[in-house]
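>>> For reference, the sequence and a predicted model appear below.
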Amino acid sequence: MDAIRTDNLTKRFGDLTAVDGLSLTVAQGELFGLVGSDGAGKTTSMRMLVGIMDPSGGEARVHDRHTVREAEALKSEIGYMSQRFGLYPDLTVQENIDFYADIYGIPRRGRGEKIDSLLAFSNLAPFRRRQARNLSGGMKQKLGLACALIHTPKVLFLDEPTNGVDPVSRRDFWRILYQLLREGVTIFVTTAYLDEAERCNRVGLIHKGRLLACDAPHRLKGLMRGTILEVRTAAARRAARILRERLPEASVGLFGDRVHVVTGEPEETRGAIEALLGGEGVPLLGLRPVEPSLEDVFVSALSEGRGDQ
C-alpha cells in the first residue's frame, strides 16, 4: 500500500490553476520532496493532501484515507507542519507541546515520557521553560516538529520547514528527519532548496502547478540532455547576460559566481564562449564540463517547458 497517492489532483482559484493534474505516489517509509519556486503549487498541493483544502478535480489518498471523504479520520494518521506553524509565543516550549497533546487527545498517563523523548530528540530539553517568542528560528522549527509528532503520526507533512533557517539549524533539522525515517515514518516535504532535495529518496519537480519530472535524484540527473559547461568569471552576472543573448540555442543558468551552459555541442560551444566573453572584455577564470545538479535539471526542464509553449 502506498502511503500517499494522488490521481489528477487539481486546484483552481477562479481562472488560476494552482495545481494542474498532479499524479504521484509515495511509498511507505519514503522521504519524498516536492520541489519548486514560490508560487509553483507546493503549498496548495500539501493542503489538499492533509485534508484542509478540497480539490477542484481528481482525488488523493493518504495512508488509505480519502482526503475529502475521510478528512477527520485522516488527522489522527498524519502530522502537519505548515510554513507558519501555530506556536503560541507567550507559552513555553513545554506548554506548547502540552497544548498540542491536548488537541490530539494524548492520555495523561505516559504523556510526560513522550514529551521528554521529543524534547531530547529535538535537542530542546534545556529550553523547555523558555517562551517560544524567545527561541531562534531553528529552535522554533524544531518545536513545531515536536508538536507535529506528539501523536506519533504515520505520515509527516512539512511545508518548507527550513525556509529562512540558518545553515547549521537546517543541517540539524534534516538529521532529525533521518532519525524519523529509521523509525518508519513517511515524510513528504516541500522545499525551494535544490540542495535539500538531493537528500530525498525521490523528488518531484513542480512548476506552475504541473509536475515536470519525478524520480530519484540520481535518475533525474540522468535525464539531463547535453553537456554542462561551467564558466567561472569575476563578472558572472554580466557573462550570463551575454551568453543568453548570443547563444540562444544553449540553456544558460546563473549559479552564484558561476554560469552553467547546457549544450549538445560542447567543443563548439566552448570556443564560442571563449570568443564571446573575450570580445566583451570578460576574463575567464575557468571553463570545464561538470556533472549536473538537480538545479541544472530543474533549469533545463523549465527551459524545455517554455520552448513548448
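Cool, got the structure.
>>> Counting neighbours, what do you get for the closest residue to residue 242 other than its chain neighbours?
Spatial nearest neighbour of residue 242, chain neighbours left out: residue 280 (5.5 Å); criterion: C-beta to C-beta, 6 or more residues apart in numbering. C-beta coordinates here come from the backbone N, C-alpha and C atoms, glycine included. The tally of other residues near residue 280 (other C-beta atoms under 10 Å) stands at 14.
>>> go on, the one 10 residues further on?
The burial metric for residue 290, expressed as a neighbour count using other C-beta under 10 Å, is 12.
>>> Need phi/psi at it.
Torsion angles at residue 290 (phi, psi; degrees, to the nearest 10) stand at phi -140, psi 160.
>>> surely the residue nearest to residue 242 meets residue 241?
No. Residue 280 lies out of contact with residue 241 (C-beta atoms under 8 Å); the separation is 9.8 Å.
>>> Strands of the stretch 151-300 of the chain, start to end?
155-159, 186-191, 202-207, 210-215, 227-232, 251-255, 258-263, 286-290 (DSSP state E, counting those that start in this stretch).
>>> Distance check, the residue nearest to residue 242 against residue 291.
Going from residue 280 to residue 291 by C-beta to C-beta, to the nearest Å gives 28 Å.
>>> same check, this time on residue 254
Taken as C-beta to C-beta, the span from residue 254 to residue 291 is 18 Å.
>>> Have a look at these two and say which one is more surrounded.
Neighbours were tallied for residue 254 and for residue 291 using other C-beta under 10 Å; the higher tally belongs to residue 254 (17 against 9).
>>> Buried ones in stretch 48-58, by neighbour count?
By neighbour count, with 16 or more other C-beta atoms under 10 Å as the criterion, the buried positions of stretch 48-58 are 48, 49, 50, 51, 53, 55, 58.
>>> again with stretch 177-194
Buried, per 16+ other C-beta under 10 Å, within stretch 177-194: 177, 180, 185, 186, 187, 188, 189, 190, 191, 193, 194.
>>> The fourth one pairs with what?
If I follow you right, that is residue 186. Legend: beta-bridge partners of residue 186 under DSSP bridges are residue 155.
>>> Enumerate every residue touching it.
Taking C-beta atoms under 8 Å, 6 or more residues apart in numbering, we find residue 186 in contact with 3, 4, 26, 27, 28, 29, 30, 32, 154, 155, 156.
>>> Generate a ChimeraX selection restricted to the buried subset of those residues.
To isolate the buried members of those in ChimeraX, using 16+ other C-beta under 10 Å:
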select :3,4,26,30,32,154,155,156
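>>> could you dump the contacts of residue 186 to a markdown table with distance to residue 276?
Converted to a markdown table, these look like this (distance: C-beta to C-beta, whole Å):
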| residue | distance to residue 276 |
| --- | --- |
| 3 | 50 |
| 4 | 47 |
| 26 | 45 |
| 27 | 47 |
| 28 | 52 |
| 29 | 50 |
| 30 | 45 |
| 32 | 41 |
| 154 | 55 |
| 155 | 51 |
| 156 | 49 |
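>>> hmm, back to that, which members of the buried residues of stretch 48-58 occur in helices, if any?
Among the buried residues of stretch 48-58, the members found in helices (DSSP state H) are 48, 49.
>>> Show me which of the buried residues of stretch 48-58 is closest to residue 147.
residue 50 (14.7 Å; C-beta to C-beta).
>>> which residues sit in contact with the closest residue to the closest one other than its chain neighbours?
Closest residue to residue 50 apart from its sequence neighbours, by C-beta to C-beta, 6+ apart: residue 80 at 4.7 Å. Residue 80 makes contact with 46, 50, 148, 156, 157, 159 under the criterion C-beta under 8 Å, 6+ apart.
>>> and if you look at residue 160?
Counting by C-beta under 8 Å, 6+ apart, residue 160 has contacts 42, 43, 83, 190, 191, 192.
>>> Looking at those, which is nearest residue 131?
Using C-beta to C-beta, residue 83 comes nearest to residue 131 of those, at 21.4 Å.
>>> Can you tell me how far that closest one is from residue 52?
13 Å.
>>> ditto for residue 96
In terms of C-beta to C-beta, residue 96 sits 20 Å off from residue 52.
>>> Ok, residue 88 next?
On the measure of C-beta to C-beta, residue 88 and residue 52 end up 20 Å apart.
>>> One more: residue 11?
12 Å.
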